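In: no sequence on hand, only this structure:
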């Protein structure tokens with residue numbers, strides 16, 4: 001039996017159908033799909049849940065983390081730690097599978113290695129719903145540097161405490177687990193004898209990254225941070241990660257508690273105020289629910305303030321709210337990711353809400 005894990009959030013609904021339809025056509029049926037919805041908005045979650053219910057081989061899991069950054073590692077770990085099968089395959093909702101994929105993957109699992117697969121990429125706009133797999137036009141194939149579609153012995157993933165949950169948003173978590181598996185002395189092999197998966201086109205994360213404050217939670221430059229952190233897995237020969245916990249998901253009760261809590265305080269975007277809170281106050285707080293609102297200071301809207309700046313007179317320094325967003329989020333995912341929290345941007349009011357159980 002092979003467990004196929006599909007992490008998901010707010011992605012193209014037609015891609016779900018194409019992916020699951022291809023799995024329905026497999027030559028063997030000894031597999032189960034764990035569809036892990038990591039915080040889709042309710043409208044899309046409802047639609048995804050309904051689609052998954054059409055397939056007897058799919059188990060749908062919803063995690064109430066709409067107001068937390070995307071974390072593929074934690075989504076996967078939430079299932080990996082409780083799997084009953086010996087092997088699991090980390091998939092992607094954009095995949096279309098060859099009808100013999102599961103059959104061939106199970107044979108390859110007998111090597112005891114981590115096996116990752118070459119993928120054929122489809123062009124934007126290519127219609128594939130009723131097209132035979134072998135007749136699809138592949139404009140390029142992935143190389144051994146693309147590690148995202150991998151099959152693992154579950155015991156090895158558990159030994160290493162799963163995927164590293166530092167990696168938020170996109171980039172490097174898949175390569176990181178490969179590096180750590182090798183560091184632990186286990187084998188990793190690239191399978192490129194044939195293409196067993198096709199990738200449905202979608203815009204890349206970097207194209208979506210915005211330089212302004214947006215309700216779509218982001219951190220500027222996070223992909224580069226992730227890849228820099230990946231280097232330490234090589235340099236330090238890292239194997240085990242997630243020392244506090246792994247695969248732990250905030251509960252709906254905790255999220256509702258945070259959403260319904262009263263605001264503890266209000267901050268402005270004044271640099272000294274933000275720095276003092278993030279680096280001095282927050283690390284000392286415990287045993288409480290903290291909920292705050294961060295707004296742009298009225299002072300920065302005054303002509304007097306801007307006139308002083310032009311005349312190069314001494315004035316207080318203020319961050320943009322986008323800078324506040326990035327600083328608070330990077331601090332949260334670095335040091336508080338194991339806490340129950342939410343992070344919300346109100347674009348209309350131009351303010352940030354942050355709440356956490358300390």
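Out: On my side now, so go ahead. Worth saying up front: this structure is predicted, and the values here are computed from it rather than measured.
In: how far off centre is stretch 102-110?
Out: Counting by Cα atoms, centre = their mean, to the nearest Å, stretch 102-110 is centred 27 Å from the centre of its parent chain.
In: for it, list every residue counted as buried.
Out: Residues of stretch 102-110 classed as buried by neighbour count (16 or more other Cβ atoms under 10 Å): 102-106, 109. To be clear about C-beta, it is placed using only N, CA and C from the backbone, and glycine gets the same treatment.
In: quick one, what contacts residue 80?
Out: 5, 88, 154, 157-158, 162-163, 247 (Cβ atoms under 8 Å, 6 or more residues apart in numbering).
In: which one of the buried residues of stretch 102-110 sits closest to residue 136?
Out: Nearest to residue 136 among the buried residues of stretch 102-110: residue 104, at 18.0 Å, using Cβ to Cβ.
In: what distance do you get for the closest one to residue 51?
Out: When distance is defined by Cβ to Cβ, to the nearest Å, residue 104 is 26 Å away from residue 51.
In: repeat for residue 90
Out: Plainly put, residue 90 is 20 Å away from residue 51 if you go by Cβ to Cβ.
In: what about the nearest residue to residue 148 once chain neighbours are set aside, which SS state?
Out: Leaving aside its chain neighbours, residue 148 sits nearest to residue 174 (4.5 Å; criterion: Cβ to Cβ, 6 or more residues apart in numbering). Secondary structure state of residue 174, per DSSP: H, G, I helix; E, B strand; the rest coil, is helix.
In: can you tell me how far residue 174 is from residue 13?
Out: Distance of residue 174 to residue 13, given as Cβ to Cβ: 24 Å.
In: of those two, who's got more company?
Out: Counted by other Cβ atoms under 10 Å, residue 174 and residue 13 do not tie: residue 174 has more neighbours, with 19 against 14.
In: surely that one meets residue 150?
Out: Yes - look at residue 174 against residue 150 with Cβ atoms under 8 Å: they come within range, at 6.8 Å.
In: shared neighbours of these two, anything?
Out: Contacts common to residue 174 and residue 150, judged by Cβ under 8 Å, 6+ apart, are residue 90.
In: contacting residues around the residue nearest the centre of the chain?
Out: Against the mean C-alpha coordinate of the chain, by Cα atoms, centre = their mean, the closest residue is residue 71 at 2.8 Å. Shown in contact with residue 71 (Cβ under 8 Å, 6+ apart): 38, 65, 165, 167-168, 337.
In: ok, 6 Å please
Out: Shown in contact with residue 71 (Cβ atoms under 6 Å, 6 or more residues apart in numbering): residue 168.
In: do you know how far it is from residue 300?
Out: 33 Å.
In: what are the phi and psi angles of the residue lying farthest from the centre of the chain?
Out: Most distant from the centre of the chain: residue 311, at 45.7 Å, with distances by Cα atoms, centre = their mean. Dihedral angles of residue 311 (phi, psi; degrees, to the nearest 10) stand at phi -80, psi 0.
In: which ones are touching residue 278?
Out: Residue 278 neighbours (Cβ under 6 Å, 6+ apart): residue 331.
In: which stretches of the stretch 1-150 of the chain have low pLDDT?
Out: Low-confidence regions of the stretch 1-150 of the chain, defined by pLDDT under 70, span residues 125-130.
In: next step: the buried residues of stretch 102-110 restricted to strands.
Out: Judged by DSSP state E, strands contain none of the buried residues of stretch 102-110.
In: now render those as a markdown table, adding distance to residue 178.
Out: Output for the buried residues of stretch 102-110, formatted as a markdown table (distance: Cβ to Cβ, whole Å):
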| residue | distance to residue 178 |
| --- | --- |
| 102 | 22 |
| 103 | 24 |
| 104 | 20 |
| 105 | 17 |
| 106 | 21 |
| 109 | 16 |
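In: could you single out the nearest of those to residue 315?
Out: Residue 315 lies nearest to residue 105 out of these, by Cβ to Cβ, at 62.4 Å.
In: list the contacts of that closest one.
Out: Counting by Cβ under 6 Å, 6+ apart, residue 105 makes contact with residue 151.
In: follow-up on the earlier one: so which of residue 90 and residue 51 has more stuff around it?
Out: A count of neighbours by other Cβ under 10 Å puts residue 90 above the other of residue 90 and residue 51, at 24 against 18.
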